[in-house]
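Asks: Show me the folded form of this:
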Amino acid sequence: MKISELKNAPEWLVLADTKDADVEMTSWGTVIWKSGDFLGGDFLGGEFRGGIMMPLCKWVYGFTAEGKIKIGCEEKTIEEWNAWFASTEVKSTKRDTIAFKKIQASFEAAKAYLNFMGDINLITKPEPQ
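Replies: Numbering: from 1, shown residues only. The predicted model follows:
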């Protein structure tokens, strides 16, 4: 069933960025994700049984033209992020939480991508035609 057809769909599900979603809601309100892409938002309960769920973090992350990794409003070099994650400093997310693990995993994914590509210009510039 499409999300728009659900009766009493939770707000987080209605607001999520999805594509070709096929979901079901149980009588007790649990969302069962059958297929389709969950591209962004907060998956706040239910069972994910099929489709594709993008790795999610509470902050958007990516690259700056200077080759830094930006997570939320913070941008740092790989070395600066490594030092920060090794420290005990807390910004807005407590360190001993799943949300923090997702932030760190996002950094690790971005770091691996940047290291594999080897040059920020290969990421930020359009491909030659």
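Asks: can you tell me which helix in the chain is longest?
Replies: Longest helix of the chain, by residue count under DSSP state H: helix 98-117.
Asks: can you tell me the helix or strand for Cys57?
Replies: Of the helices and strands defined by DSSP states H and E, none includes Cys57.
Asks: one step back: what's next to the longest helix of the chain, contact-wise?
Replies: Contacts to helix 98-117, defined as C-beta atoms under 8 Å, 6 or more residues apart in numbering, come from residues 55-59, 61-63, 67, 69, 71, 78, 81, 85, 93-94, 120, 123. (Each C-beta comes from the backbone N, C-alpha and C, glycine too.)
Asks: Now which of these would you call buried?
Replies: Among those, the ones that count as buried by 16 or more other C-beta atoms under 10 Å are 56-57, 59, 61, 63, 69, 71, 81, 93.
Asks: In a markdown table: those residues, plus distance to Ala112, secondary structure and pLDDT.
Replies: Listed next are the buried ones among the contacts of helix 98-117 as a markdown table, based on distance: C-beta to C-beta, whole Å; DSSP: H, G, I helix; E, B strand; the rest coil; pLDDT from 0 to 100:
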| residue | distance to Ala112 | secondary structure | pLDDT |
| --- | --- | --- | --- |
| Leu56 | 17 | coil | 69 |
| Cys57 | 15 | coil | 75 |
| Trp59 | 18 | coil | 78 |
| Tyr61 | 13 | strand | 84 |
| Phe63 | 12 | strand | 90 |
| Ile69 | 11 | strand | 93 |
| Ile71 | 14 | strand | 90 |
| Trp81 | 12 | helix | 97 |
| Thr93 | 21 | coil | 91 |
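Asks: This completes my enquiry, with thanks.
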